[in-house]
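J.: Below are the sequence and a predicted model for it; my questions follow.
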Amino acid sequence: MSKTLLEMRGITKTFPGVKALDNVNLKVREGEIHALVGENGAGKSTLMKVLSGVYPAGSYEGEIHFDGQVRHFSTISDSEHLGIIIIHQELALVPLLSIAENIFLGNEVATNGVIDWKQTFRRTQELLDKVGLKDSPSTLITDIGVGKQQLVEIAKALSKKVRLLILDEPTASLNEKDSDALLKLLMEFRTQGMTSIIISHKLNEIKKVADQITILRDGGTVETLDCHHEDISEDRIIKGMVGREMEDRYPAREPKIGETLLEVKNWNVFHQHHRDRQFLHDVSFTVRAGEVVGIAGLMGAGRTETAMSIFGKSWGHKITGDVSMRGKPVDVSTIPKAIDAGLAYVTEDRKHLGLVLINNIMHNTTLANLEGVSSNTIINDRQEAKVASDYRSKLRIRSHSIYQETVNLSGGNQQKVVLSKWLFTNPEVLILDEPTRGIDVGAKFEIYSIINQLAAEGKGILMISSEMPELLGTCDRIYVMNEGRIVAELSKAEASQESIMRAIMRSGEKH
Amino acid sequence: MSTDTATKTTQPSVGEYLKKNIREYGLLVALVVIMIFFQILTNGVLFRPVNITNLVLQNSFIVIMALGMLLIIVAGHIDLSVGSIVAFTGAMSAIMLVKWGLPAIAVVPLAILMGAIMGAAQGYWVAYQKIPSFIVTLAGMLVFRGMTYVVLSGRPVGPFPKEFQVLSTGFVPDFLSITDPSTSLIKNYVALVAVLLLVGYAFYAGLRERRLNAVNETENEPFGFFAVQMAIIGVVAIFIGFQLSTYRGLPNVLVIMGILIALYAFVTTRTTIGRRIYAMGGNEKAAKLSGINTERLTFYTFVNMGALAALAGMIIAARLNSATPKAGVGFELDVIAACFIGGASASGGVGKITGAVIGAFIMGVMNNGMSIMGIGIDYQQLIKGLVLLAAVFFDVYNKNKG
């Protein structure tokens, strides 16, 4: 347990104009789970890229010792050869190939280029047994969920004789159950002597599995905490990450709740692809002015689908039900109509559905309301720049100007650009789908503050989130969804992690 | 964190600016270099008045189609059928003029309408049925070519009445006529005056833009760049204007082309329609979720392309004074190449009208220069292919480095 497997000493990596890493030290003991935490932009990913050889030896300063020797990796395959394997946040699997084909992709069991399928399937089966995946090796990746895909990635890593497994945000897109299973698996591997580094924003998970925690901030090492010597609280970790005490992770708010804005009644929706399967059943809910309403539920409960089907019928088909605003029925059959009705939908997938990444902040800000900065279809440049600058300073979008491409912004700042876009349409009700996913602690706080401010201005907020503490910390009322139905409505006083889980479990038994 | 948001826009240094905009300057420099290169290799034939006029006439239709193609490519699609639309609309205008005896004034709008309908027929499948544009327009390319053979019965139709031919071979008359054209060097003052006015306006508009940018703290290019760029464009334009004025003046086609370039440059950079096309090409799903009717927008980019191809079809027919079933074969490739040389991205969302126009002229000058030098069509194709590859490699290289 005490032998050092990996030591990175004094790593400094500069990009033109930016010092991404400044004298970073990381020491990982053999057979432990080492957590690497820090806000977005703290340098975690850069450090892992240095380690894996994405940035070749020579392009950074400092030394890497692995297994007692100084190593110079000039390509990824150099580091993989020694058993350093990274599983990236965005999984690198080919959707239309089978599990077996994916696991041995680039590393096929073959003689003279002819694949030995029997052997491939046998070895895949062994690997799948190890990671506890029950699907057949011939199942296509596209047919299994993200949680299982994550397991396939791990199986793929195991196929390569892994010594050090690095997982970048492995549970970011997993629901609680899959996350738990994954963490259990990691702990099981630990008992077999495998070393892993886990990068995560979910502090409760880190607390559960980590032996040591290294905290990075602004490209430097802050400290390494040993979880066996002292009891490390989440607040303690956050303090290291942000460099100050966060008294409260959720800003306080005095709710001033007014009339009912959005009311949805008996919303029934059939599945987008499996066209004869009803996906949402009689969903009804209300959002009032100045109110933050949450929707809790597991992955696949139908929360995003509810939001998207209401927002211009952008998901599903055979949609029936009534939507009204301030008591009057409204037509939401297309997205422009939904926007006119006063709705805005901030998607959970800001990179693929929220932003035009190759466009700048200004163009993204005005995209949903170009009429607001143009007359007779001619855009008024100055007015547009002013609108974008106003939102940039109001929402504190960290960037060098409104002309910066959004692809270069951090997750939190990207999310603020998406929010700007929708605020500029002047909606009455904002639907926020996982508004803080993949965003660091400091930026989360800012997003919550914006939500509070919008509610104070009398807007209605419908917030979908998989992080229960977040819902409990920000919402006035929480609906619980499961299997396409609203199964409970909890007031702020009634809501707790336990009551939400209980509602989900109980409804599961009924069906 | 997040307290330093209010930092003012800083003016970039010359080096930074050049790095960021290397593509645009590179393109302009490449065009100038290629022009000088062929001017030398052709012993000065390239810039002779009659050859400049030819250059314009030979390339006008490629430039006109490149305007529409750029929108298609920015929207994330491709149109392989333009060469066949050129042939069909050219053939139909010939039939309307020669066989049905319709006046040119009626034939021109009718043919453009036909082109628009052909574009719509393809746009429908791409936009509303989500069939990849490559396949739809490949089908269109075959169908429209076949239709051309059918309506022409495989034989050329011509010649055309004078008032139709002026579309290609006419010149703007010299209503200024300051000196007697038979004795003076300058035969057509309109060309010279028009070019001088344009250059003057471009300079004025450029300065105004810079002043507005300074007021709004928008990024400005360093003044040195602005001055050098203006000087190069001004000198080249005035020189060409002068040369044209010593021959027959401004070709009508050049005027049509100029107006269209200005119109499309304006639409792409300053209007909501242009902005939406770029957003759609950059991320169609995000654009759709922002309330943009992406289907309709895609549909109309194809309608627009069809109309422009029809105009090009008539210009070609008028120039050759006959419509043939083989007209426009392979033009789609020149048009598409012009857009990519001009910096458009094959994955959509990126590209400029000015780039596509310069790209078309790079191809045009190379065609013309190599023809004058007597280089065979075989080597011409080979060289053009390599230039296209090099231009796109330059883009990719810059992107990876950045």
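T.: It's in.
J.: Excluding residues flanking it in the chain, which one is nearest residue A:23?
T.: Closest residue in space to residue A:23, ignoring its immediate chain neighbours: residue A:10 at 5.1 Å, by Cβ to Cβ, 6 or more residues apart in numbering or on different chains. For glycine as for every other residue, the C-beta is placed from the backbone atoms N, C-alpha and C.
J.: What number of residues are in the vicinity of the one you found?
T.: Taking other Cβ atoms under 10 Å in any protein chain shown as the criterion, the count of residues near residue A:10 is 14.
J.: Residue B:30 now?
T.: Counted by other Cβ under 10 Å, the residues lying close to residue B:30 total 18.
J.: on that earlier part again, using the three-state scheme, assign the residue nearest to residue A:23.
T.: What DSSP: H, G, I helix; E, B strand; the rest coil gives for residue A:10 is strand.
J.: In contact with it: list those residues for me.
T.: Residue A:10 sits next to A:23, A:24, A:25, A:61, A:62, A:63 when contact means Cβ atoms under 8 Å, 6 or more residues apart in numbering or on different chains.
J.: what number of residues lie near the fourth one?
T.: Around residue A:61 sit 14 other residues, with neighbours defined as other Cβ under 10 Å.
J.: surely it meets residue A:19?
T.: No. Applying Cβ atoms under 8 Å, one finds residue A:61 not in contact with residue A:19, separated by 10.8 Å.
J.: so what's residue B:384 up against?
T.: B:337, B:363, B:366, B:367.
J.: who's in contact with residue B:88?
T.: By Cβ under 8 Å, 6+ apart, the residues touching residue B:88 are B:114, B:118, B:144, B:145, B:147, B:148, B:151, B:313.
J.: For the last one, give me the backbone phi and psi.
T.: It refers to residue B:313. Dihedral angles phi and psi of residue B:313 (degrees, to the nearest 10) take the values phi -60, psi -40.
J.: and it, how far is that from residue B:112?
T.: If you measure residue B:313 against residue B:112 using Cβ to Cβ, to the nearest Å, the figure is 9 Å.
J.: Which of these two has more residues huddled nearby?
T.: Comparing residue B:313 with residue B:112 by neighbour count (other Cβ under 10 Å), the higher total belongs to residue B:313, at 34 against 20.
J.: about what we covered before: could you list which of the contacts of residue B:384 also contact chain A?
T.: With Cβ under 8 Å from any Cβ of the partner chain as the criterion, the subset of the contacts of residue B:384 in contact with chain A is empty.
J.: which of the contacts of residue A:10 tops the neighbour count?
T.: Result: residue A:24 is most packed of the contacts of residue A:10 (other Cβ under 10 Å), 25 neighbours.
J.: So that one lies in a strand, does it not?
T.: Yes. Residue state for residue A:24 (three-state DSSP) corresponds to a strand.
J.: what's near enough to touch it?
T.: Residue A:24 sits in contact with A:8, A:10, A:11, A:12, A:43, A:47, A:62, A:216, A:219, A:220, A:221, where contact means Cβ under 8 Å, 6+ apart.
J.: Pull up the residues of the stretch 351-500 of chain A that are close to chain B.
T.: Proximity of the stretch 351-500 of chain A to chain B is confined to A:352-359, A:363, A:367-368, A:370-371, A:374, A:377-379, A:381-382, A:385-386, A:392-393, A:396-401, A:403, A:421, A:425, A:442-443, A:446 under the rule Cβ under 8 Å from any Cβ.
J.: ok, now with 6 Å
T.: Counting by Cβ under 6 Å from any Cβ of the partner chain, the residues of the stretch 351-500 of chain A lying close to chain B are A:353-356, A:358-359, A:367-368, A:370, A:374, A:377-379, A:382, A:385, A:393, A:396, A:398, A:401, A:403, A:442.
J.: Residue A:137 against residue A:97, yeah?
T.: No. With contact defined as Cβ atoms under 6 Å, residue A:137 and residue A:97 do not form a contacting pair (11.3 Å).
J.: In terms of neighbours, single out the busier of the two.
T.: Neighbour count, other Cβ under 10 Å: between residue A:137 and residue A:97, residue A:137 has more, with 23 against 14.
J.: list the contacts for residue 350?
T.: In the absence of a named chain, chain A is used. Applying Cβ atoms under 6 Å, 6 or more residues apart in numbering or on different chains, we find residue A:350 in contact with A:414, A:415, A:418.
J.: with these in mind, which one is nearest to chain B?
T.: Closest approach to chain B among these (Cβ to the nearest Cβ): residue A:418, at 9.0 Å.
J.: And the closest one, how far from residue B:84?
T.: Taking Cβ to Cβ as the measure, residue A:418 and residue B:84 are separated by 43 Å.
J.: do residue A:415 as well
T.: 47 Å.
J.: what about stretch B:176-185, how long is it end to end?
T.: Between the opening and closing residues of stretch B:176-185 lies a distance of 15 Å (Cα to Cα, to the nearest Å).
J.: which stretches of the stretch 301-450 of chain A form helices?
T.: All helices of the stretch 301-450 of chain A, identified by DSSP state H, counting those that start in this stretch, fall at A:303-310, A:335-340, A:361-366, A:381-394, A:411-423, A:441-456.
J.: and among the ones you listed, the most buried is which?
T.: Most buried of the helices of the stretch 301-450 of chain A by mean neighbour count (mean count of other Cβ atoms under 10 Å in any protein chain shown) is helix A:361-366; its value is a mean of 28.
J.: before we move on, the earlier item: narrow the contacts of residue B:384 to those in helices?
T.: Judged by DSSP state H, those include B:337, B:363, B:366, B:367 as members of helices.
J.: count of neighbours near the residue nearest to the first one when sequence neighbours are not counted?
T.: Looking back up the chat, that one is residue B:337. Of all residues not flanking residue B:337 in the chain, residue B:388 sits nearest, at 4.9 Å (Cβ to Cβ, 6+ apart). The local packing count at residue B:388 equals 20, with neighbours defined by other Cβ under 10 Å.
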